[in-house]
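**Student:** pasted the sequence and its predicted model underneath.
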Amino acid sequence: ILTPHFSLSLRTPADVIGILLYTCVGVAISVLPSQVERARREARQKQDRLEAILDLLPAAIVIADADGRLVQDNQVFRAVLGPRAGASSVEEYARFRAWHPNGTPMERDEWAMTRALRHGETVRGQEVELEVADGTRRTILNNASPLRDPDGQIMGGVVAFLDITDRKQLQHAVAEQAKE
């Protein structure tokens with residue numbers, strides 16, 4: 001018979017508490033990685049689902065964080081403004097070129113996303129003539145809303161716009177034809 005090389009002696013309540021603590025910590029350490037991995041997998045699935053939904057929409061969509069950094073967009077947005085249309089702050093919006101319907105240039109602070117982020121404003125139906133990735137101008141119907149955390153603080157913003165260039169051209173053609 002072999003003699004034990006290890007023996008456990010639980011003589012005091014502190015010994016029992018020590019063993020229980022050791023066991024609990026061991027169990028927590030062994031379970032935690034699987035829970036973290038499951039949380040990561042679930043977060044990735046939610047992100048993939050959101051991307052699939054955004055790419056299905058016929059409108060251009062872009063989401064910004066509270067500083068104005070463009071953090072997510074969809075295929076329509078990239079098709080209109082190009083794959084490198086990102087910005088890391090509201091200040092960088094000045095590089096996008098746009099005009100009001102009356103032809104005056106749009107300032108950075110007039111952009112729907114800027115208004116949503118800086119003033120908490122919801123913008124609906126802002127007509128904008130926008131210079132797109134290929135250098136041409138398109139007329140868009142711009143909409144924006146702030147995204148708020150549970151405390152009501154602005155944590156970002158979302159913009160959705162529709163290209164209404166063809167509709168505007170048709171309206172112009174009908175108006176011209178009516179003049180004749």
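**Tutor:** Sure thing, it's come through. Fair warning: this is a prediction, and the values are worked out from it, not measured in the lab.

**Student:** going by C-alpha atoms from here, please, whenever you check contacts or count neighbours.
**Tutor:** OK.

**Student:** can you give me the helices for the chain?
**Tutor:** 13-56, 75-81, 112-119, 165-179 (DSSP state H).

**Student:** deepest-packed of the ones you listed, please.
**Tutor:** Ranked by mean neighbour count, the helices of the chain are led by helix 112-119 with a mean of 22 (mean count of other CA atoms under 10 Å).

**Student:** which residues sit against it?
**Tutor:** 66-68, 90, 108-109, 121-123, 126, 142-146, 154, 156-159 (CA atoms under 8 Å, 6 or more residues apart in numbering).

**Student:** re the thing from before, between the helices of the chain, which one is closest to Ala133.
**Tutor:** Among the helices of the chain, the nearest to Ala133 by CA to CA is helix 75-81 (4.7 Å).

**Student:** on that earlier part again, of all the helices of the chain, which one is nearest Ala94?
**Tutor:** Nearest of the helices of the chain to Ala94, taken as CA to CA: helix 112-119 at 10.6 Å.

**Student:** dump the residue contacts of Val80.
**Tutor:** 60, 132-133.

**Student:** ok, now Thr165?
**Tutor:** 138-140.

**Student:** from Thr23, how far out is it?
**Tutor:** 68 Å (CA to CA, to the nearest Å).

**Student:** coming back round to it: which among the contacts of Thr165 gets closest to Thr104?
**Tutor:** For the contacts of Thr165, the closest approach to Thr104 (CA to CA) belongs to Thr139, at 13.9 Å.
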